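J.: sharing a model prediction with you, sequence too.
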Amino acid sequence: MELLWKLIVLLSLVEYLTALQGLLASPQHDSVTTILLSRDETLRKSVADVTVGRWRRSGVLLRPVFTKQPGSVVFPIQPGENRREVVFSCEAQGHPPPFYRWMLNDSFILPMPGSRFSLMGGNLHITNLNKDEDVGIYQCFASNSFGTIISREASLHVAYHCLCGITFSKLYVTVIGLIRCPGLTGDPLLLSTDEDKHQS
């Protein structure tokens, strides 16, 4: 009987630890099992009600797991454009809910009121993009009391079109044509005209 009790306690401990790791679905009933024990040869019965209870995931620590990671961005800047905003996406699940930090070129970004950087959930918003200061490699960090995960690297590059400073030199066009005269033999007559010579 003592061995049976030890087995019951051991099974309960294993189920407890498994549920704590978030790997076991909740039991269907509050009472996992009820075991009737007889002692010696009498009709006396001892009832051991082993109750683990329903373990909800809300009570289990879960390491953050990314559901969305940032992707690289090439931001086109058009001449005269004033609105320059870039958003890097980052989402993760975990319990407790994770909090987010961002890194640019191996330095953590500190979003502050009035700053060009702001966080909405895990998404990083960059306003008034500065092509000299904001380009580089971005990474998202999601953390809770159970651990920290780091996203893949995402790069930001700026591309813009500019026709300023371009000059066009004088263009010369040469027209070459062949004239064939019916009834005449020999090679065709070759005419070459420089269009620029006929311009006034």
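T.: Structure received.

J.: and the residue lying closest to R84 once chain neighbours are set aside, how many residues sit next to it?
T.: Nearest residue to R84 in three dimensions, chain neighbours excluded: L129, at 3.8 Å (C-beta to C-beta, 6 or more residues apart in numbering). Every C-beta, even on glycine, is put in place using the N, C-alpha and C of the backbone. Neighbour count for L129, taken as other C-beta atoms under 10 Å: 17.

J.: for V60, same thing?
T.: 15.

J.: that one touches F146, doesn't it?
T.: No. Between V60 and F146 there is no contact under C-beta atoms under 8 Å: 9.6 Å.

J.: one step back: distance-wise, check the residue nearest to R84 relative to I77.
T.: 8 Å (C-beta to C-beta, to the nearest Å).

J.: with F141 instead?
T.: 29 Å.

J.: those two - which one has more neighbours?
T.: Using other C-beta under 10 Å, the more surrounded residue of F141 and I77 is F141, with 19 against 14.

J.: now that one. Nearest residue, chain neighbours left out?
T.: R101 (4.4 Å).

J.: check which element follows whichever strand or helix holds I137 along the chain.
T.: Secondary structure assigned from DSSP states H and E places I137 in strand 136-144. Remark: after strand 136-144, the chain's next helix or strand is strand 147-150, criterion DSSP H and E.

J.: what strands line up against that following strand, and which way round?
T.: Strand pairing for strand 147-150, determined by DSSP bridges: strand 136-144 (antiparallel).

J.: rounded mean pLDDT for the partner strand, please.
T.: Average pLDDT, strand 136-144: 97.

J.: mind listing what's buried in it?
T.: Judged by neighbour count using 16 or more other C-beta atoms under 10 Å, the buried positions of strand 136-144 are 138-144.

J.: got a list of contacts for it?
T.: 61, 63-64, 66, 69-70, 88, 90, 92, 94-105, 122, 124, 148-156 (C-beta atoms under 8 Å, 6 or more residues apart in numbering).

J.: which of these count as buried?
T.: Members of the contacts of strand 136-144 classed as buried by 16+ other C-beta under 10 Å are 63-64, 66, 69-70, 88, 90, 92, 94-95, 98, 100-104, 122, 124, 149, 151, 154, 156.

J.: okay, and which of those map to strands?
T.: The members of the buried ones among the contacts of strand 136-144 that map onto strands under DSSP state E are 63-64, 66, 88, 92, 94-95, 100-104, 124, 149, 154, 156.

J.: from the residues you listed, which single one is nearest R116?
T.: Ranked by distance to R116 (C-beta to C-beta), these are led by L124 at 10.7 Å.

J.: the closest one: what's it in contact with?
T.: 70, 87-88, 90, 102, 109, 117-118, 138, 140.

J.: for it, list each beta-bridge partner.
T.: Beta-bridge partners for L124, by DSSP bridges, are F88, L119.

J.: quick one on the thing from earlier: and the strand holding I137, C-alpha only, in CSV?
T.: What follows is strand 136-144, C-alpha atoms only, in CSV (Å, rounded to 0.1, in the frame of the first residue of the first chain):
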residue,chain,number,x,y,z
GLY,A,136,21.0,50.8,-41.0
ILE,A,137,20.2,47.5,-39.3
TYR,A,138,17.1,47.2,-37.0
GLN,A,139,16.2,44.4,-34.6
CYS,A,140,13.3,43.8,-32.3
PHE,A,141,13.6,42.4,-28.8
ALA,A,142,10.6,40.8,-27.1
SER,A,143,11.0,40.0,-23.3
ASN,A,144,9.0,38.8,-20.4
